[in-house]
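Undergrad: Predicted coordinates and the sequence they were generated for:
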Amino acid sequence: MRKKVTVVGGGFVGSTTAQRIVDSGLGDVVMTDILEGVPAGKALDLAESTPIGRTDARVQGISTASGNYEATANSDIVVITAGFPRKPGMSRDDLLRANYDVVKGVVEGVAKHSPNAILIVVTNPMDAIAQAAFKVSGFPKSRVIGMAGVLDSARMSTFVAQELEVSVENVHSFVLGGHGDDMVPLPRYSTVAGISILELLSKERIAAIVDRTRKGGAEIVNLLKTGSAYYAPSAAILEMVEAILKDKKKILPCAVYLQGEYGINGLFMGVPVKLGEKGAEKIIEIKLTAEEDAALKKSAASVRELVTVLGV
Ligand code: 2OP
C-alpha cells in the first residue's frame with residue numbers, strides 16, 4: 001500500500017521536506033498552506049520533477065485557508081512546520097501564543113481526517129508546541145513526536161567531523177533536552193568510529209563545539225537575516241519519516257511526552273527514542289552524570305515555563 005505524508009506549511013522547511021520525501025520515493029505527499037496558489041504551484045513543480053527523479057510519488061498542494069483538510073485524509077504521517085518565524089519586537093511568549101493558535105487549528109483539522117496518523121511537530125518553540133499538539137489531538141503519546149534532536153545532533157556531528165577532519169559517517173553525536181539555548185549536547189555519548197570524543201578532543205574544543213551546537217539555529221538566522229535553517233531541518237525530518245514508514249526501529253533523539261523517565265513528568269523533552277511504524281515505540285533511558293542530569297533538568301525548566309504559559 002502506498003504511504004501518504006502530509007506536510008503542513010509550504011515555507012522553506014515544508015517545501016524542502018516535501019522535496020526530500022518525494023525524491024526518496026518513500027510515499028505520496030500532500031503539502032498544505034494557508035496561502036492560495038503557492039502550495040499547488042510548488043506541488044505541481046515538484047510533481048514535474050518526478051519523471052527526471054524517477055520516482056512515482058504523487059504530490060498535491062492544497063490551500064487550507066477555508067479550514068478544509070479533507071485532502072490530507074488517511075495520512076500515515078503529518079509533519080507540522082506551519083507557524084510564524086520570530087520577528088523583531090516579538091517576545092518568546094508572543095511567538096508561542098501565535099504559533100499555538102496556528103498549530104491548534106492545524107491539529108484539529110488533520111486529526112479529524114487522519115485519526116491514526118503520527119504527528120511530527122517542527123514548529124517553534126518546538127517542545128511546547130509539540131505538547132500542545134499532543135493535548136489538542138488527543139492522540140496517544142507514541143504518535144506525537146517533536147523534531148529537533150536529530151537536527152541538533154547533526155549540527156554537532158558536522159562540527160566534530162570538521163574539527164577532526166574525519167568523515168561525517170564516522171561521527172555519532174547525541175543531543176538531548178529541549179530545542180533551545182539550554183539543550184544538552186552529551187560529549188560522553190558522542191563518538192567517532194565508536195571512540196568517545198572525550199578521548200579525541202581537548203576540553204576547550206569540546207566546550208566550543210557544545211556552545212556552537214546550542215546556538216546552531218541562531219548562527220544560521222544571523223547569516224540569512226530573513227529566515228531560519230531548512231536544509232538540515234528537512235534532512236532531520238526525512239530521517240524520522242523514513243524510520244517510521246520503513247519500521248526501522250531506529251534510535252534517534254526526539255521530543256516525546258515524558259511520564260517519569262529521566263525524573264521528568266508531564267513534559268515534552270528530547271530523549272533517545274526507538275522510532276518504528278507505531279511512532280515513538282520506546283523511550284531509552286541512559287545513565288546521566290550528576291552534571292548532565294542537572295543540565296537536562298535546567299532545560300526541562302525552560303520548556304515547563306512555556307508549557308505553563310499555554311496551560312497545556
Ligand atoms: C533551527 O534550529 C530555527 O529551530 C530552528 O534551525
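TA: Done, it's in. Numbers count the residues shown, from 1 in each chain.
Undergrad: can you list the domains in this structure?
TA: 4-146, 149-310 (automatic domain parsing).
Undergrad: model confidence over the longest one, on average?
TA: Per-residue pLDDT values over domain 149-310 give a mean of 97.
Undergrad: hang on, the earlier thing: looking at the domains of the chain, which is buried most?
TA: Most buried of the domains of the chain by mean neighbour count (mean count of other C-beta atoms under 10 Å) is domain 4-146; its value is a mean of 20. Where C-beta positions appear, they are placed from N, C-alpha and C, glycine not excepted.
Undergrad: would Asn68 count as being in a strand?
TA: No - looking at Asn68 with DSSP: H, G, I helix; E, B strand; the rest coil, it is coil, so not inside a strand.
Undergrad: List the contacts of it.
TA: Asn68 is in contact with Gly109, counting by C-beta atoms under 8 Å, 6 or more residues apart in numbering.
Undergrad: Quick check: phi and psi at it.
TA: When quoted as degrees, to the nearest 10, the phi and psi of Asn68 stand at phi -90, psi 120.
Undergrad: where's it relative to Thr32, distance?
TA: As for Asn68, its distance to Thr32 is 10 Å (criterion: C-beta to C-beta, to the nearest Å).
Undergrad: next one: Val7
TA: From Val7 to Thr32 the distance is 7 Å (C-beta to C-beta).
Undergrad: all strands for the chain, in order.
TA: Taking DSSP state E to define them, one finds strands in the chain at 4-8, 28-33, 59-63, 77-80, 118-121, 144-146, 171-172, 175-176, 184-185, 191-192, 195-196, 250-259, 265-276, 279-283.
Undergrad: Indicate which one of those strands is closest to Ala40.
TA: strand 59-63 (4.3 Å; C-beta to C-beta).
Undergrad: Report pLDDT for the residue in the stretch 51-200 of the chain positioned nearest to the ligand.
TA: Of all residues in the stretch 51-200 of the chain, Asn124 sits closest to the ligand, at 5.2 Å by C-beta to the nearest ligand atom. The per-residue pLDDT reported for Asn124 equals 94.
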